[in-house]
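K.L.:
Quick one, fold the following:
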Amino acid sequence: MTLMKADMLQAEPARDRLTIIGLVSIVCGAILLAAFSEALLELVHRWGVQEEYSHCYLIAPLAIWLLWRRRRAIVGSIGAPSWSGPALLFVAAVLQVIGKLSALFFVSQLAFIIAILGLVLGLGGYSLLRVVFVPVIFLIFAIPMPYFFEAALSWRLQIVSSQLGVYLIRLFDIPVFLEGNIIDLGAYKLQVVEACSGLRYLYPLTSLAFLAAYLYRARFWQKSIVFLSSIPITVIMNSVRIAVVGILVNSWGPQDADGFLHMFEGWIIFIACAALLVLEMQAMTWAIDRRSFLEVFYTPEVRPVVSRNRAFPRRAPIWISLILVCLVGAGTYFVSTRREVLPYRQSFAGFPFKLGAWTGHRGTMDTSTATFLGVTDYVLGDFSKSDARSVNLYVAYYATQRSGVSPHSPSVCLPGNGWQMTDFKETSYRDPSMGINLPLNRVIMAKGASRELVYYWFEERGITVANEYLSKLYLLRDAAFKNRTDGALVRLITPIFPGEDEAQADRRLEGFIRTLLPNLKRYLPSGNSPLSSHSVADQRSTLKLGAK
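P.N.:
Take a look at the predicted model:
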């Protein structure tokens with residue numbers, strides 16, 4: 001009888017503590033969802049518009065399913081709250097502010113997962129973390145890469161896939177020449193476009209490989225091989241696909257090859273990659289353990305790490321975690337409502353289309369494109385001299401780059417309609433006589449026999465930057481210390497005309513830059529420009545008037 005009373009007295013604090021943890025979890029979950037709502041909505045938006053991430057709709061349900069299967073273990077594993085939880089929540093709060101200030105949704109989305117891990121540690125300690133770690137960390141595969149990083153990765157994968165594809169074609173004694181991402185078969189030329197980079201298979205396959213490695217009851221090094229092998233499998237299968245298309249083009253012409261290309265893109269290639277992953281696991285299992293793959297591939301049964309009825313008097317990390325989550329919400333609200341400093345500038349409506357020997361005519365974007373790009377003001381036009389060889393100028397100005405509105409890198413926007421990057425490098429243009437030292441990106445675009453030379457750079461509050469990663473660092477610094485996030489993209493394009501080489505096109509753009517820069521200064525604010533009395537909405541209304 002005495003033992004029963006003791007057990008009941010011990011169970012009462014445990015039930016009270018579980019009630020407190022449950023209520024705190026609900027409150028913290030609601031605050032985190034509200035604080036990170038903008039980043040999470042952007043997450044879902046990219047799932048819908050980019051085929052590479054269409055599989056991400058399944059990741060959250062799979063994570064919830066894994067958590068549901070271990071629900072009893074979760075309740076039984078709630079241990080002593082850890083001070084590591086509040087520390088992680090503080091890191092998440094800092095990253096969320098950075099993400100909001102720099103308009104990098106990727107940072108905020110990553111901060112959301114770190115906040116969940118911090119909340120788990122703050123409420124249930126490391127024993128609870130060990131039970132929920134895999135389902136929570138699996139959510140990372142639902143986060144799309146930043147656009148500028150994805151564009152760079154896509155271009156490099158196009159080059160690697162092209163090189164491997166050409167190597168495989170040559171194994172069949174077919175003469176072939178590779179220039180950038182253009183496969184020249186003599187009578188036919190194939191472009192390895194962005195859709196053929198392999199990203200459509202890489203993202204879902206790495207997600208599948210992570211889940212497969214978790215369900216694979218094997219040693220850690222075997223699990224690591226399964227996960228990491230998803231990358232070479234994707235690249236090799238994509239190269240095989242390109243090689244088969246090249247062989248078909250060489251043998252039967254482009255029509256049959258085009259049909260094969262459409263038939264074998266998407267799910268068929270992905271299923272082939274997944275089958276190779278399964279065969280790899282089967283081969284390892286048989287070679288090491290002499291067992292069937294099906295014997296070691298199943299959902300593990302997760303058991304509680306600590307006793308459910310164990311009492312933990314330390315509650316300070318729980319309340320500190322709640323306070324920090326509230327601070328995340330308050331910080332997000334403060335950054336979102338902070339009135340940003342807007343510098344004075346002249347509208348592009350008055351931009352001259354007579355620049356020295358260059359004469360141009362104004363172009364306009366349709367309303368839907370301007371809305372999609374989110375520009376505050378822009379100038380677009382074609383300039384030429386007496387030789388009629390033109391330069392296209394596009395300058396997009398953003399009064400604020402918060403809430404995800406920022407210059408779209410040409411490395412993302414230009415590839416399309418058959419145009420692909422064949423050469424990209426970060427360089428600079430210097431003219432000591434005029435005091436010009438301009439960092440810029442130099443890109444060669446190709447479409448069939450046509451080629452174009454592109455220069456572009458970013459103007460960040462008086463600082464000229466070519467590297468997009470560096471521009472984000474300047475943006476973060478000025479957002480925090482100057483309360484300014486205005487910036488601009490400057491892009492120049494000229495055709496490489498028949499009979500001229502790239503050096504001649506370079507000289508044409510360099511000559512235009514010498515004339516353009518002195519005229520551009522008053523339209524792009526410097527680091528110490530006077531403040532404007534106009535709001536962002538007022539500046540956008542000026543854009544509409546100027547575009548008419």
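K.L.:
all contacts plus neighbour counts: C-alpha atoms, from now on.
P.N.:
Noted.
K.L.:
And the strands in the stretch 101-250 of the chain?
P.N.:
With DSSP state E, counting those that start in this stretch as the criterion, the stretch 101-250 of the chain has strands at 177-179, 182-184, 189-191.
K.L.:
Correction: the previous question concerned the chain.
P.N.:
177-179, 182-184, 189-191, 354-355, 358-362, 377-384, 390-398, 420-431, 436-447, 450-460, 463-465, 487-495 (DSSP state E).
K.L.:
Report the mean confidence score over the shortest one.
P.N.:
In other words, strand 354-355. On average, the pLDDT along strand 354-355 is 92.
K.L.:
mind giving me the domain split of this structure?
P.N.:
Here the domain assignment for the chain is 2-144+313-337, 148-295, 348-547, based on automatic domain parsing.
K.L.:
Quick one: the ones you listed as a markdown table, columns for mean neighbour count and distance to V302 too.
P.N.:
Below are those laid out as a markdown table (neighbours: other Cα atoms under 10 Å; distance: least, Cα to Cα, whole Å):
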| stretch | mean neighbour count | distance to V302 |
| --- | --- | --- |
| domain 2-144+313-337 | 19 | 6 |
| domain 148-295 | 18 | 12 |
| domain 348-547 | 17 | 40 |
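K.L.:
Going by mean pLDDT, which of those domains comes out lowest?
P.N.:
With a mean of 79, domain 148-295 has the lowest mean pLDDT of the domains of the chain.
K.L.:
Tell me which of the domains of the chain sits nearest to V305.
P.N.:
domain 2-144+313-337 (4.9 Å; Cα to Cα).
K.L.:
related to what we said a few turns ago, right, so of the domains of the chain, which gets closest to R303?
P.N.:
Short answer: domain 2-144+313-337, nearest of those by Cα to Cα, at 5.2 Å.
K.L.:
Quick one: distance of the closest one to the chain centre.
P.N.:
23 Å (Cα atoms, centre = their mean, to the nearest Å).
K.L.:
With stretch 329-344 instead?
P.N.:
With Cα atoms, centre = their mean, you get 24 Å for stretch 329-344.
K.L.:
mind checking the end-to-end distance for that stretch?
P.N.:
32 Å (Cα to Cα, to the nearest Å).
K.L.:
Stretch 353-372 now?
P.N.:
End-to-end for stretch 353-372, by Cα to Cα: 26 Å.
K.L.:
Format the strands of the chain as CSV; extra columns: distance to V49.
P.N.:
CSV is the format used below for the strands of the chain (distance: least, Cα to Cα, whole Å):
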stretch, distance to V49
strand 177-179, 31
strand 182-184, 27
strand 189-191, 23
strand 354-355, 40
strand 358-362, 31
strand 377-384, 25
strand 390-398, 23
strand 420-431, 20
strand 436-447, 24
strand 450-460, 26
strand 463-465, 29
strand 487-495, 24
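K.L.:
who wins for proximity to S347 among these?
P.N.:
Closest among the strands of the chain, using Cα to Cα: strand 377-384, at 7.2 Å.
K.L.:
Convert the C-alpha atoms of that closest one to CSV, please.
P.N.:
Only the C-alpha atoms of strand 377-384 are listed here, as CSV (Å, rounded to 0.1, in the frame of the first residue of the first chain):
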residue,chain,number,x,y,z
ASP,A,377,12.3,51.4,-61.2
TYR,A,378,14.2,50.3,-64.3
VAL,A,379,15.6,51.4,-67.6
LEU,A,380,15.7,49.2,-70.7
GLY,A,381,16.9,50.0,-74.1
ASP,A,382,19.1,49.3,-77.2
PHE,A,383,22.0,51.7,-78.0
SER,A,384,24.2,51.7,-81.1
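K.L.:
Quick check: N437 vs S428, distance?
P.N.:
According to Cα to Cα, N437 stands 7 Å off from S428.
K.L.:
And for V91?
P.N.:
37 Å.
K.L.:
swap in V379?
P.N.:
For V379 relative to S428 (Cα to Cα), the value is 23 Å.
K.L.:
Same question for V335.
P.N.:
Taken as Cα to Cα, the span from V335 to S428 is 35 Å.
K.L.:
do the same with R69
P.N.:
Per Cα to Cα, R69 is found 57 Å from S428.
K.L.:
likewise Y469?
P.N.:
From Y469 across to S428, the span is 17 Å (Cα to Cα).
K.L.:
which residues in the stretch 251-400 of the chain form helices?
P.N.:
With helices called from DSSP state H, counting those that start in this stretch, the stretch 251-400 of the chain shows them at 254-263, 267-289, 316-337, 367-373.
K.L.:
Fine by me, thanks again.
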